[in-house]
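Visitor: After the sequence you'll find the predicted model.
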Amino acid sequence: MKLGIVGLPNVGKSTLFNAITKAGAEAANYPFCTIEPNVGVVTVPDERLRVLHEMYNSKKTVYTTIEFYDIAGLVKGASKGEGLGNKFLGHIREVAAIIHVVRCFDDPNVVHVDGKIDPLSDIETINMELILSDMEVIERRIQKTQKNLKGDKSLQVELDTLMKVKDTVEKGLSARTLQLSDEEMEIVRSMDLLSFKPIIYAANVSEEEAAAEIDNEYVKKVREFAATEGSDVVVLCAKLEAEIAELEEEEKTAFFEDLGISESGLDKLIKASYHLLDLISFLTAGPQEVRAWTIRKGTKAPQAAGKIHTDFERGFIRAETIAYDELIQCGGNLATAKEKGLVRSEGKDYVVKDGDVILFRFNV
């Protein structure tokens, strides 16, 4: 999963990204590696893996990971190539979702690029550049579809959908605000529009406000706007995240208790990302390895098996499945679980659920 971090200058984007990369560098096993100077890979925290690891005394534990891209800075006119606009827009095309860091704190020592703190103006600046870039893509697609429609009347639905999208973005609204049928959704997805990508607004507040966990007036405005397009909001303090990233695990726990916060902003971002992208994790467990596998909600057993190896999907026979909580109740003992009738034999139509512990049977 690739997430792109964007934001205007001096909103805390780089501070947050640096905190994320430090969090990865400080954690144990394989939590982080630098692919490029602007990409950090961080493990997805999952307490279930720790429990299963101890239960089976596994030789290896593998967490799922998220790649965070620190996307090049943005200025007005990026869609026309101003500043690093082309690089900015090119990197956004590569990510599954956008994390837009929005400044929601007052500090006279940190100058805002526009001279005033206005999170909605910041959001509009970046969203508008994405929309302007999309307009060119939509226009080209409309021209192509109109030309092909003369020989293929079945393309009328596509043309109607394209005109619907064009009408929306010309009003200055992101494509993600559209209400679409399944058929329309597939057409819009095929265009890879930047303003259609799901977005999380990371409201960057002061340390005091992050600890109090009370929305300030800036955050309230961001939440109101996010609600209009069905986006998520995560409130965090980038400066605080940088401090947390320097701590060992035991120190982090004490730090959270002192501040009275339940989890880090990074953990909030990861949870919000899973929710936004409709992702879940199934688990495999045993003495050799305990591992989490990320799939989209609604994935059927053979396709989930294919995440492990293509042979598993091709030769799929059945999935021996038990819910994580039920496995724990049986002390990790599958024989006991089978006696209680908790281990199910599922076929090709089974839709995998979050926390399913699965053993796939296959034959190639």
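Guide: Good, I have the coordinates. Numbering: from 1, shown residues only.

Visitor: C-alpha from now on. contacts and neighbour counts both.
Guide: Will do.

Visitor: tell me the pLDDT at Y30?
Guide: What the model reports as pLDDT for Y30 is 32.

Visitor: same question, L84
Guide: pLDDT, L84: 43.

Visitor: How about A25?
Guide: pLDDT at A25 comes out at 36.

Visitor: quick one: the closest residue in space to R176 that isn't next to it in sequence from I261, how far?
Guide: Sequence neighbours aside, F196 is the residue nearest to R176 in space, at 4.3 Å (criterion: C-alpha to C-alpha, 6 or more residues apart in numbering). According to C-alpha to C-alpha, to the nearest Å, F196 and I261 sit 33 Å apart.

Visitor: So for the two, which sits in the more crowded spot?
Guide: F196 (19 against 15; other C-alpha atoms under 10 Å).

Visitor: so the more buried one sits right up against L173, yeah?
Guide: No. F196 lies out of contact with L173 (C-alpha atoms under 8 Å); the separation is 10.2 Å.

Visitor: Contacts only, for the closest residue to A323 other than its chain neighbours.
Guide: Counting by C-alpha to C-alpha, 6+ apart, D356 is the residue found nearest to A323 once chain neighbours are left out, at 4.7 Å. Counting by C-alpha atoms under 8 Å, 6 or more residues apart in numbering, D356 touches S281, F282, L283, T321, I322, A323, Y324.

Visitor: Redo the residues you listed as a markdown table? Include secondary structure, distance to I71 and neighbour count.
Guide: Putting the contacts of D356 into a markdown table (DSSP: H, G, I helix; E, B strand; the rest coil; distance: C-alpha to C-alpha, whole Å; neighbours: other C-alpha atoms under 10 Å) gives the following:
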| residue | secondary structure | distance to I71 | neighbour count |
| --- | --- | --- | --- |
| S281 | strand | 27 | 21 |
| F282 | strand | 30 | 20 |
| L283 | strand | 32 | 23 |
| T321 | strand | 40 | 23 |
| I322 | strand | 41 | 22 |
| A323 | strand | 39 | 18 |
| Y324 | helix | 37 | 19 |
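
Visitor: Could I get those in a markdown table, plus columns for distance to H91 and pLDDT?
Guide: Formatted as a markdown table, the contacts of D356 follow (distance: C-alpha to C-alpha, whole Å; pLDDT from 0 to 100):
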| residue | distance to H91 | pLDDT |
| --- | --- | --- |
| S281 | 27 | 96 |
| F282 | 30 | 97 |
| L283 | 31 | 97 |
| T321 | 39 | 96 |
| I322 | 40 | 96 |
| A323 | 38 | 96 |
| Y324 | 37 | 96 |
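
Visitor: Please convert those to CSV, extending it with distance to S58.
Guide: Converted to CSV, the contacts of D356 look like this (distance: C-alpha to C-alpha, whole Å):
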residue, distance to S58
S281, 19
F282, 17
L283, 13
T321, 19
I322, 19
A323, 19
Y324, 16
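
Visitor: where does the residue nearest to A323 fall, phi/psi-wise?
Guide: As for D356, its main-chain torsions (degrees, to the nearest 10) stand at phi -60, psi 130.

Visitor: Same check on T294?
Guide: The phi/psi pair for T294 (degrees, to the nearest 10) is phi -90, psi 130.

Visitor: Without its sequence neighbours, what residue ends up closest to it?
Guide: T294 sits nearest to S281 (C-alpha to C-alpha, 6+ apart), 4.5 Å away.

Visitor: quick one, what contacts that neighbour?
Guide: Applying C-alpha under 8 Å, 6+ apart, the residues near S281 are A292, W293, T294, I295, K353, D354, G355, D356.

Visitor: how about the fourth one, secondary structure?
Guide: Reduced to three states with DSSP: H, G, I helix; E, B strand; the rest coil, the structure at I295 is strand.

Visitor: Which pLDDT value belongs to T65?
Guide: 88.

Visitor: Quick check, it in contact with K2.
Guide: No. Under the criterion of C-alpha under 8 Å, T65 is not in contact with K2, lying 9.3 Å apart.

Visitor: could you say which helix or strand contains the residue nearest to the spatial centre of the chain?
Guide: The centroid of the chain falls nearest to S273 when counting by C-alpha atoms, centre = their mean (3.0 Å). Following DSSP states H and E, one finds S273 within helix 265-276.

Visitor: And R223, by the same measure?
Guide: Per DSSP H and E: helix 217-228 holds R223.

Visitor: What is that helix packed up against?
Guide: helix 119-149, strand 199-204, strand 232-236 (3 or more C-alpha pairs under 8 Å, 6 or more residues apart in numbering; DSSP states H and E).

Visitor: what angle do the last one and strand 199-204 make?
Guide: Between the axes of strand 232-236 and strand 199-204, defined by axes from the mean of the first three to the mean of the last three C-alpha atoms, to 10 degrees, the angle is 20 degrees.

Visitor: Point out the other helices and strands that strand 232-236 packs with.
Guide: In terms of contacts (3+ C-alpha pairs under 8 Å, 6+ apart), strand 232-236 is packed against strand 199-204, helix 217-228, helix 265-276.

Visitor: again with the second one
Guide: Strand 199-204 is packed against strand 97-103, helix 217-228, strand 232-236, helix 265-276, with contacts defined by 3+ C-alpha pairs under 8 Å, 6+ apart.

Visitor: Can you dump the C-alpha atoms of the second one in CSV for me?
Guide: Listed next in CSV are the C-alpha coordinates belonging to helix 217-228 (Å, rounded to 0.1, in the frame of the first residue of the first chain):
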residue,chain,number,x,y,z
GLU,A,217,-11.7,25.9,15.2
TYR,A,218,-9.4,25.0,12.3
VAL,A,219,-9.9,21.3,12.8
LYS,A,220,-13.7,21.8,12.9
LYS,A,221,-13.6,23.5,9.5
VAL,A,222,-11.5,20.7,8.0
ARG,A,223,-13.9,18.1,9.4
GLU,A,224,-16.9,20.0,7.9
PHE,A,225,-15.2,20.1,4.5
ALA,A,226,-14.0,16.4,4.6
ALA,A,227,-17.6,15.4,5.3
THR,A,228,-18.8,16.9,2.0
